[in-house]
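Asker: model the structure of this input:
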Amino acid sequence: MPVSPEVPPLKEFSPSQRVDLLVSDWKAGIPPELPIEEQEHRLYGQAWEAYQTGDYGFGLWCWHECDRLTNNLGGNIREVTRILGPGRYFGFSHRRRVAEELPVDRIYRPRKGDMSTPRPDAFVLPHYQVLCIYLVRAATGDPKAKATLEIALGELEDQRRADPFLKHFETFRNLLERTSGGPGPGSTGPAPGTPSPDPTQHPTPPPPSLPSSRPPIKEKRPRRRPPSGRRA
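Answerer: Here you go, the predicted structure:
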């Protein structure tokens, strides 16, 4: 990932409805005759400036916009950075900081068949961003976040092909493990520093068995019969 600028200090965390309304107003104000890349550059620039003032709600929007462009451009980060502008890529340090600060209790997660609408102060996030947030919280020892994450990870294999954004969660998880110096919650594999077996080496023979502390069992001999008669 490109080197990201310093993460701005948190001042507020606007919920999704406020962010979406402002982004829609900004998008409507961009001349439609401009090339698509220029429109995306201007819209992202306005959201980036709002994030730089300390509103992490716009940081969530920039986070997802980076990943959307990355998917559309076949993973070419250089092209993504060219469209967004130098120094505007929403890198791992920004993602981790936003994930740490987002109020978990205000995440809106509708159930199947749920027709309710989210509260105005709720955060409506893509599934992979929710996983990233629970991953960070689980790494701090939050038992509820860890349990929720483990349940969600059990369905990850079935969802990977259908959701192209899940690869960004896996990248986030790998970077979190690398920066924390150990495997994060939900990861599998040997712990860091554990040597892997070398197939070219001969197995070490087992140590000789120690003698038993129990006394040996004496073998019983058959009793000799006395002679039937005596010589005179």
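Asker: need the helix or strand of this structure with the lowest average pLDDT.
Answerer: Within the chain, no helix or strand scores below helix 156-159, which has a mean of 70 by mean pLDDT, DSSP states H and E.
Asker: what's the first helix or strand after that helix?
Answerer: helix 166-180 (DSSP states H and E).
Asker: so for the nearest residue to residue 47 once chain neighbours are set aside, what's the pLDDT?
Answerer: Leaving aside its sequence neighbours, residue 47 sits nearest to residue 58 (CB to CB, 6 or more residues apart in numbering; 4.8 Å). Placement of C-beta: from N, CA and C, glycine included. Looking at residue 58, its pLDDT reads 98.
Asker: and the gap between residue 58 and residue 66?
Answerer: Note on residue 58: its distance to residue 66, by CB to CB, to the nearest Å, is 13 Å.
Asker: what pLDDT is listed against the spatially most central residue of the chain?
Answerer: Per CA atoms, centre = their mean, the C-alpha nearest to the average position across the chain is that of residue 173, at 3.4 Å. pLDDT recorded at residue 173 is 94.
Asker: do residue 222 as well
Answerer: For residue 222, the predicted pLDDT is 51.
Asker: also residue 55?
Answerer: With respect to pLDDT, residue 55 scores 98.
Asker: what segments of this structure are strands?
Answerer: For the chain, strands defined by DSSP state E do not occur.
Asker: tell me the domain boundaries of it?
Answerer: Per the record, the chain has its domains at 1-108, 126-184, by automatic domain parsing.
Asker: how close does the residue nearest to residue 47 get to residue 138?
Answerer: Look at residue 58 and residue 138: by CB to CB, they are 26 Å apart.
Asker: who's in contact with the residue nearest to residue 47?
Answerer: Contacts of residue 58 were listed using CB atoms under 8 Å, 6 or more residues apart in numbering, and they are 14, 19, 47-48, 50-51.
Asker: again, only this time at 10 Å
Answerer: Taking CB atoms under 10 Å, 6 or more residues apart in numbering as the criterion, residue 58 is in contact with 12-14, 18-19, 22-23, 46-52, 98.
Asker: ditto for residue 59
Answerer: Going by CB under 10 Å, 6+ apart, residue 59 touches 7-8, 10, 13-14, 19, 47-48, 50-52, 90, 94-95, 97-99, 101-102.
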